[in-house]
Every structure is written in C-alpha cells, then in structure tokens.
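In: Fold the stuff below for me.
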Amino acid sequence: MSPASPVAQAQGLALLEEWPRHNSLTEHNEITAPSNPKKQVTFSAYSSARFYKCDSTYRSNMSYTSADCKMFRAAVAQEGLRIQRLVSSCPPTKTGNVIHHLVELNALAMEELIGIEHLVSKDAPIRLLHERRAHSSIVLKAQKETQRREDLCVDVVARVAVASSSRNIRKARLRAALAA
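Out: Predicted structure coming up:
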C-alpha cells in the first residue's frame, strides 16, 4: 500500500516517507558522515572554572535514599494503623463523627490526619477519587471553553486548575510544615 493512497491516508500512514534504498555498499558509504571520529571540546580564553568543596554532611542529607523513602512509608502506615485502632476503640453508641470526638478529647490532632486520610477512613478513598475526577472535569471544561472561544491563552485554564486544587495545596503545605 502506497503512503499516498486514500486508504493509507485514512490509516494515518500518509506521514510515512519512503527512504531511498541503496543498491550497493559504495553508494551507502557516500551518504554517511565523514569518517573523522575525533571529537574536541574547546573553551573560551576568558572562561574560568571554580571548584567548591561540598560539605560531607550536606552531601549525605541533600536527598532521600530509597531506604529513607521506605522508612517514611512504613512510618506513615504505622501511624495510619494507630489512628484506625484509636477510631475503632471508640464506643459505637457515640453519634456523629468519631474523629471529631477524638479531637475534642485531645486523643487525636487534626494535623495528624493530613495526608493519610485514605489510610484512616473507609470512605476517604472514594471521596479522594471523586475529588480527583471533579478536578479533572473542571479543568477540562475550562479547556473546552477556551477552545470554543478560540482563545489561545492558557492562563485561564491554569487559574482554574490552581483554584480547583487550592485545598490540596494548603493541605500539602501544612503537611510539609508539620514534617519539618
């Protein structure tokens, strides 16, 4: 099937280009790059290099290792289990939200839940999925609206995305401040 045929165009093959076929090895060698494989790097006469000594303590703490990440995940999982046990230990006759009751008793702080709600509450994963889908829907609607108006400015879509995710941004900042 030729790339110029209507069937090929319908299948998206019209973008393919036929490369010339080489009949002989000498013809192929004429097309290749020059045979000078020696590569060189030159610097300006005015350039200079500065070397800084890196503090060994800083070097060892400037990023997390995979062991650090595993340790963080294990600590978060343990914290989630601790809060789940605390919630399940409350009397079932208590009306209302058990977590708010535990906060009133000073047995739990709301800051402890930030970022691990999905590990503590049974309905949190469903709520999280709903929030993500709602955010995607809002952003896509804004994008379609800008396309409908033939507006090429992406700032509108960016503002909608930031406004829609501002709650999550606040939660992330609070979680980071608590971890520091």
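In: Only C-alpha atoms from now on, for both contacts and neighbour counts.
Out: OK.
In: For Asp55, grab phi and psi.
Out: When read as degrees, to the nearest 10, the backbone of Asp55 gives phi -60, psi 130.
In: can you check Lys39 too?
Out: phi -110, psi 150.
In: Any regions of the protein where pLDDT drops low?
Out: 1-37, 92-96, 152, 178-180 (pLDDT under 70).
In: ok, 90 please
Out: 1-69, 72-73, 76-77, 80-132, 135, 138-139, 142-180 (pLDDT under 90).
In: so Ser164 sits right up against His135, yeah?
Out: Yes: if you go by Cα atoms under 8 Å, Ser164 and His135 touch, sitting 6.0 Å apart.
In: If you count neighbours, what's buried in whichever helix in the chain runs longest?
Out: In the chain, assigned by DSSP state H, the helix with the most residues is helix 124-148. Neighbour counts over helix 124-148 (16 or more other Cα atoms under 10 Å) mark 135, 138-139, 142-143, 146 as buried.
In: So which elements touch it?
Out: Secondary-structure packing of helix 124-148 (3 or more Cα pairs under 8 Å, 6 or more residues apart in numbering; DSSP states H and E): helix 117-120, helix 155-164.
In: Out of these, which one sits most buried?
Out: With neighbours defined as mean count of other Cα atoms under 10 Å, those peak in mean count at helix 117-120, which reaches a mean of 18.
In: what packs against it?
Out: helix 66-88, helix 124-148.
In: Centre of the chain to the helix or strand just after the shortest one, how far?
Out: The reference is to helix 66-88. Next helix or strand after helix 66-88 toward the C-terminus (DSSP states H and E): helix 98-104. Relative to its chain's centre, helix 98-104 lies at 33 Å (Cα atoms, centre = their mean, to the nearest Å).
In: can you check stretch 120-131 too?
Out: Worked out by Cα atoms, centre = their mean, stretch 120-131 lies 19 Å from the chain centre.
In: can you list contacts of it?
Out: 80-81, 83-84, 113, 117-118 (Cα atoms under 8 Å, 6 or more residues apart in numbering).
In: Please write out the alpha-carbon positions of stretch 38-45 in CSV.
Out: Output of stretch 38-45 as CSV, limited to C-alpha atoms (Å, rounded to 0.1, in the frame of the first residue of the first chain):
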residue,chain,number,x,y,z
LYS,A,38,37.8,12.5,16.8
LYS,A,39,35.7,14.9,18.8
GLN,A,40,37.0,18.0,20.5
VAL,A,41,35.9,20.5,23.1
THR,A,42,37.3,23.9,23.3
PHE,A,43,36.8,26.6,25.9
SER,A,44,36.9,30.4,25.5
ALA,A,45,40.2,32.0,26.6
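In: circling back to that earlier point, the helices and strands packed on helix 124-148: which one's closest to Tyr52?
Out: With Cα to Cα, the closest approach to Tyr52 among those belongs to helix 155-164: 39.0 Å.
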